[in-house]
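1. build me a model from this:
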Amino acid sequence: RAKSVAEEGSWRRVEARSGFLPSVQASASRLLGREWLYTDVTLGGNPVSVPQILPTTVYGLGANWVLFDGLANVERFKSAKALEKAGRQDLDWTRFQGSRNVVLLFYRALAAQTLREVAEANLKTLEDHLNDVNLFKKAGTGTKFDVLRVDVQASEARSELLNATDNMSISMLRLGELLGEDLSTRELQGKLPVLAPELVKDLKYDEERRADLHALRSRIEGLDSASSAANRFWVPRVSLGGQYQHYNNLNNEFSGDGFRDAYSVALNLNWNIFDGGVSYARDRQAVEQKVQAEKTLVVNRLKSKNDFEFWRRRYLYFASVYQARTGDVAKSTESVRLAKEGRRVGTRTNTDLLDAEAELFRARAGLVNSQIGAVESLINLEIATGQNIFQAQ
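-> Numbers count the residues shown, from 1 in each chain. Modelled structure (predicted):
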């Protein structure tokens, strides 16, 4: 759509250029029926009715060249150039924003896929535990309480897996929708990036990098010129016109000796004194469109600054959370190892191992969530600054 808008702007410039060029029209007419008009005159004291002779066939060629219209054609051309520039800048912004959204949706889908794998591993671990406690109960070393406790946790893990699968499917659908492809049967390859807080340490906001703000400024410039052109309606128009006719008023033939030639050249002056207020209304419409664009620019400038600060803080938060979750995963992994060793030698119970594994699952899920939170924050920060900060892997 943005590309089509940009192309429309280029053709609008071609249209505006026509205001400097003469227009040429060709015409042809054939009289199919007639009833002469008569003019009564007196010749030698006798009244005579003279018919008005009309050509039966006319071939015509006309031209008109506006020499002066208060420089409205100049303003229209300036407006078209500025709006074309705005369309190109908006196209650049749309491409940049679209590319970053593709990266974001890819990593969201990859994170959902990773969370599904974590949920599958957690469910498998709990089902193994459920089998073990059922065997312990049969052997008399376990209780029904142990079975019910593990069964509840397994049931909750199944719900978590179902939710993770749904989230992955939805993420794949959204990514495929943006890419225009069916990705429902594909598996994503790759790893979530590890992002450090230092990545945005020296990042500064610079609105000159925002192509959408440049597009709004160009649009305001174009609308200002359009308003100036519309305001020239009160200026007289001076044009040079000419007409040539090849006509037949002697017989009904389409060609032959019955044709004659006629031409005229004139300098025309047209002054629009009153047209019911149409020209004034168009002038005010152009003015209000410019005001709307100026207000939009003010709002977008403020929003871009606020977005920069918001997403910078969110990125730093998730980057710190990721570092903390990395330590939690290492500690939880060691806790699970110790719980298994303790259960093997009889110093730890199956409940202790279940608690340790539940903590490990939460730590792994938290690690993935903090990673995708950092990625999402960074990409939105890129959009807020209008620049690429990191390259997707």
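
2. so where is the stretch 101-250 of the chain shaky, pLDDT-wise?
-> For the stretch 101-250 of the chain, the stretches with pLDDT under 70 are 141.

3. which residues of it fall in helices?
-> Using DSSP state H, counting those that start in this stretch, the helices assigned to the stretch 101-250 of the chain run over residues 144-179, 211-230.

4. let me know which of those helices is tucked in deepest.
-> helix 211-230 (a mean of 21; mean count of other Cβ atoms under 10 Å). C-betas here are computed from N, CA, C, even on glycine.

5. what is that one packed up against?
-> If contacts are counted by 3 or more Cβ pairs under 8 Å, 6 or more residues apart in numbering; DSSP states H and E, helix 211-230 sits against helix 72-139, helix 278-345.

6. can you redo the helices of the stretch 101-250 of the chain as CSV with distance to K305?
-> CSV is the format used below for the helices of the stretch 101-250 of the chain (distance: least, Cβ to Cβ, whole Å):
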stretch, distance to K305
helix 144-179, 27
helix 211-230, 11
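
7. indicate which one of these is closest to F20.
-> The minimum distance between F20 and the helices of the stretch 101-250 of the chain falls on helix 211-230, with 13.3 Å, by Cβ to Cβ.

8. sorry, back to before: just say which of the helices and strands packed on helix 211-230 is most tucked in.
-> Comparing the helices and strands packed on helix 211-230 by mean neighbour count (mean count of other Cβ under 10 Å), helix 72-139 comes out on top with a mean of 19.

9. same for that helix, what does it pack against?
-> Looks like helix 72-139 contacts helix 2-17, helix 144-179, helix 211-230, helix 350-385 (3+ Cβ pairs under 8 Å, 6+ apart).

10. in JSON lines: these, plus distance to L188.
-> What follows is the helices and strands packed on helix 72-139, written out as JSON lines (distance: least, Cβ to Cβ, whole Å):
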{"stretch": "helix 2-17", "distance to L188": "28"}
{"stretch": "helix 144-179", "distance to L188": "8"}
{"stretch": "helix 211-230", "distance to L188": "30"}
{"stretch": "helix 350-385", "distance to L188": "13"}
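
11. among those, which is nearest H246?
-> Per Cβ to Cβ, nearest to H246 of these: helix 2-17, 31.3 Å.

12. where's the residue nearest to the spatial centre of the chain relative to A196, distance?
-> With distances taken as Cα atoms, centre = their mean, the residue of the chain nearest its centroid is T94 (5.1 Å). Going from T94 to A196 by Cβ to Cβ, to the nearest Å gives 30 Å.

13. just checking, R116 touches T165?
-> Yes. Between R116 and T165 there is a contact at 5.6 Å, judged by Cβ atoms under 8 Å.

14. report the contact partners of R284.
-> Neighbour list for R284: empty [criterion: Cβ atoms under 8 Å, 6 or more residues apart in numbering].

15. so how far is T349 from it?
-> R284 is 82 Å from T349, where distance means Cβ to Cβ.

16. rewinding a little: which pLDDT does the model give the residue nearest to the centre of the chain?
-> T94 is assigned a pLDDT of 88 by the prediction.

17. A392 now?
-> Reading off the model, A392 has pLDDT 51.

18. need phi/psi at Y263.
-> Per-residue torsions, Y263: phi -150, psi 160 (degrees, to the nearest 10).

19. so what's it bridging to?
-> Y244 (DSSP bridges).

20. for it, list the residues it contacts.
-> Counting by Cβ under 8 Å, 6+ apart, Y263 has contacts G242, Q243, Y244, Q245.

21. can you check T351 too?
-> Contacts of T351 (Cβ under 8 Å, 6+ apart): D146, R149.

22. for D182, see how far away it is.
-> 46 Å.

23. do the same with D90
-> 30 Å.

24. likewise for R344?
-> Taken as Cβ to Cβ, the span from R344 to D182 is 49 Å.

25. re earlier: residues contacting the nearest residue to the residue nearest to the centre of the chain once chain neighbours are set aside?
-> Ranked by Cβ to Cβ, 6 or more residues apart in numbering and with sequence neighbours excluded, the top spatial neighbour of T94 is A2, at 3.9 Å. Contacts for A2 were tallied using Cβ under 8 Å, 6+ apart; they are G87, D90, L91, W93, T94, R95.
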